[in-house]
Structure formats: C-alpha cells, structure tokens
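S.K.: For reference, the sequence and a predicted model appear below.
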Amino acid sequence: MMVETMISVDEALERILEGIEPLGLERIPVTEAFGRVLGEDVCSSLLIPPKDNSAMDGYALRSEDTRGAGSGSPRVLKVIGDLPAGSTFTGCVERGQAVRIMTGAPIPSGADAVVMKEYTEAQGDEVRVFKEVKEGENIRRAGEDVRPGEVVIKRGTAISPSEMGMIASLGLPFVTVYQRPRVSILSTGSELVEPGEEGGEGKIYNSNGYSLYGQVLSTGAIPSYIGIAGDERDSLREKLSLALKAGDVVVTSGGVSVGDYDFVKDALKELEGEMMFWKVAIKPGKPLAFGRVGGKPLFGLPGNPVSSMVIFEEFVRPALLKMMGRERIYRRVMEAILAEDVKKSPGRRHFIQATIEERDGTLYAHPLKARGSGILSSLVKADGLLVIDEDVTHMEAGSRVRVQLIKDDFLYQKRRAY
Ligand code: AMP
Ligand code: MG
C-alpha cells in the first residue's frame, strides 16, 4: 500500500504509535536496571520500616518522665540497656528508666519517645535529660514508608537510582523489565565516507549514522551500526536486508525525497511489507517513510543532518520508548519568552534550534541564527527546539513560546542559589 500526501505532525505520530507494541519481559539484577523500564508493578510484601524505630541517637524513654525537664532542671533516669542498630531489647522501659538507643534501632516496649543525645548527659548508669519530649518524638513509625500490598512503583516507570534503592529495600535482588529493541542504523548516500576513512572530492563524512547512534542510546535501546549503503539498488538492498536481520527496528537516513538517486523508496517498495511515504508538515524534515517489514518497524529519515535528528526526536524516539514499555514517552515542553522575532512560512510546524537562558526565574529562548537543515552545529549549541505551529507566520520578541527540551541532561554552569 502506498500513500503519499502531506499529513500533520500529530497525525504522523499517531499513525506510527498505533502500530507499536511493547516488547517482551526479562528479569535482571537490580544493579543492571538503571534506565530500564519496569515490566510489572512492584508490590510490597513488607512493612517499611518493619518496626517503630529511633530517628536519632539518644535515649528511648517514657515521655511523661521528661515533663518539666529543662536546661536547669534535668530529669534523672536509670539506663537499663543499650540498643545499637541491628539489635533488639527484650525488656520493658518502666517509669524512671531509659535505654540508650542508636538511629534505626527498634523502640523498646514501654518507651514512647526518644530524646536526642545532645540534650542528655550520661553519668554512670544514669542519664540526665535536659529537655521535655512529646509522645512519639523522634520515632519513625513502622510502615510509614511502605505498607504490605501497596504498589510501590508502577509498571512502565523508567528505573532511576531511587527506584533501584526502593526495589532493594523490598528485599528484591532481581527486577522484571521490558526488553530493549535492537535498532539498526543505516546511512545512505554515495557521497558518504566513514570517519577515519579517506575523504576526497565530493565526499562528506557520515554524520547521521553517529548522531542516530547516540539518539538510539539515549532512548535506552541498543544501536546496531550497519554502515553506509551507496545509492545503487543492489548495495541498498543488501544493506537493508542486513539491517532487517540485525535489528528489531530499522532506521535509515537519506534517499527518501524525490531525487533521481533516492533509491531507498524503491528498495523499500520492493521489500515485502507495508510502507508509507509521507510528506509530513514539519520543518526541518518533511519526507518520512514509515512502515513495517517482516513485522519490524522501519523509519526512513531524511538525509539532512538536522532533519534526521529532529525527525528521530519527534517520531522515532516516542516509538522506541513505547516499545520499551515506557508510560511517559514525550520530552518536556517548557514555556519561555522569545528573545528575538521569528518569521516563518505558514503550513508546516517548525522546530527551531534554540538556547535557553534563565534570568530571575524566567526562561528566555534564543533562536540560533544559523539553523538550516544542514547546520548540525546548531544542534550542538541548542538546548531545545522552539515549537511553532503550522498557521503562525510571525512571533515577536517577548511573546510566549514553547520549547521542547531535547538534551537528556539540562544542567546549569553556575550553581543557582536555593
Ligand atoms: P538526501 O536526503 O539523501 O538527498 O540527503 C540530503 C542531504 O543530506 C545531502 O546533502 C546529503 O549529502 C546529506 N546527507 C545524507 N546522509 C547523510 C549522512 N549520513 N551524514 C551527513 N550528511 C548526510
Ligand atoms: Mg542521498
């Protein structure tokens, strides 16, 4: 089947995503789970903390025994035990008694509060308490963190350090996650040579293969580098079938427009499967091939380096995240103040490379001057992409604009006051 019409960004994305299903599951050690996506809800069978325990180093006691205590009027209690973390005290704290306790140790029966060590003075087998404490003071309650039966982390969550710690605190050494797709990356174009190879007249280095490699890595999927196919039918067919063998998903760049040497389209047509060739109302970008060959999704991205990256961002990345079971698949979009006028032609949604600056708590977006679809250095400088709607032709400096953040780590050079 072949459809060749101009469709909107939203429609293209919807049509891509509707055919994408999450992959299967696997079990891995928690130490290997960083960045992976949880494949099932993590439920607790435990009470965390398991027992009421001390939030401070100090003395467990009966709060009534401290009534009236102050810096000049200590209460004197008999110390009947010592409770380092990890041990338990079997006795009971009676009136006039206290147990020396360390942070995390379970509160002995009879005691209902802990006084911080700083407000006490040990004297032989007695302790002088210089502060009144309320019932429950400095006690962490059993189950205040997690209760049995509770869903602690939801399926579809990306596992970050806090999730790793949480899973471990439930006593689980392994975790069930979604499998990661292998993504074959194939660059097309007879003008391309690999970095490290001899350049020469009319040749340029293959950059898309490497930016796409990084983009695949940044989704958490596994890139599989196929290399370059020249603009000849046979070379392309051969490399494409390699790509299809090596990956669960194939991403190609170049050769999808309407030039005489745009063989990717022909090669894809020849492959059995369903391919769609779209003109998407997007800039940079426009030509995009999407389809399925032997059940595997295939994305034919445009060749211009910025187009290739932006189209990956907008369409391939959400699709890969969905395949990996992620619940949240879209980049963060912030509102910012446009720092300079922007003009554009109507009809397509524009994604414009911009830097972001924060001043007095407000974000300002500076569109980069050189931002053509061949200017890859613009994406090196950019923090994000201004998203400007189809029908808009002019945005004035000072107006509100949406910025999609495209770098995984958006860090500040100067430490912010807080
Ligand atoms: P195409 O879509 O194949 O017509 O390519 C459009 C433009 O992008 C041409 O100037 C190509 O040389 C350039 N281009 C295509 N593929 C790559 C690549 N892998 N790395 C760098 N530039 C490329
Ligand atoms: Mg080409």
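M.R.: That came through fine. Ligands and ions are numbered 1, 2, ... in the order given.

S.K.: Show the contacting residues for Glu232.
M.R.: Glu232 is in contact with Ser190, Phe263, counting by CB atoms under 8 Å, 6 or more residues apart in numbering. Every residue, glycine included, has its C-beta placed from N, CA and C.

S.K.: what's the spacing between it and ligand 1?
M.R.: 13 Å (CB to the nearest ligand atom, to the nearest Å).

S.K.: Show me where the stretch 1-150 of the chain dips below the pLDDT cut-off.
M.R.: Within the stretch 1-150 of the chain, the segments meeting pLDDT under 70 span 1-5.

S.K.: which residues of it fall in helices?
M.R.: Here the stretch 1-150 of the chain has its helices, by DSSP state H, counting those that start in this stretch, at 9-18.

S.K.: Going along the chain, name the strands of it.
M.R.: Using DSSP state E, counting those that start in this stretch, the strands of the stretch 1-150 of the chain run over residues 6-7, 25-29, 42-43, 53-54, 58-61, 75-83, 97-101, 113-116, 120-123, 126-129, 139-140.

S.K.: looking at the ones you listed, which is closest to ligand 1?
M.R.: For those, proximity to ligand 1 was assessed by CB to the nearest ligand atom; strand 6-7 is nearest, at 17.4 Å.

S.K.: show me what contacts the residue minimising distance to the centre of the chain?
M.R.: Centroid-nearest residue in the chain, with CA atoms, centre = their mean: Ala158, separated by 6.3 Å. Neighbouring residues of Ala158 by CB under 8 Å, 6+ apart: Gly35, Arg36, Val37, Leu38, Gly220, Arg326, Arg328.

S.K.: try 6 Å this time
M.R.: Taking CB atoms under 6 Å, 6 or more residues apart in numbering, we find Ala158 in contact with Val37.

S.K.: Which positions in the stretch 51-200 of the chain make contact with ligand 1?
M.R.: Ser187, Gly189, Glu191, Leu192 (CB under 6 Å from any ligand atom).

S.K.: hang on, isn't Pro305 packed against Asn206?
M.R.: No. Pro305 lies out of contact with Asn206 (CB atoms under 6 Å); the separation is 10.0 Å.

S.K.: In its sheet, which strands sit next to the top strand by length along the chain, and in what direction?
M.R.: Longest strand of the chain, by residue count under DSSP state E: strand 349-359. Here strand 349-359 has these sheet partners by DSSP bridges: strand 282-283 (parallel), strand 362-367 (antiparallel), strand 384-388 (antiparallel).

S.K.: Please name whichever of the strands of the stretch 1-150 of the chain is nearest to Phe299.
M.R.: strand 6-7 (15.1 Å; CB to CB).

S.K.: Give me the buried entries from the residues of the stretch 51-200 of the chain next to ligand 1.
M.R.: The neighbour-count test (16 or more other CB atoms under 10 Å) marks Ser187, Gly189, Leu192 as buried among these.
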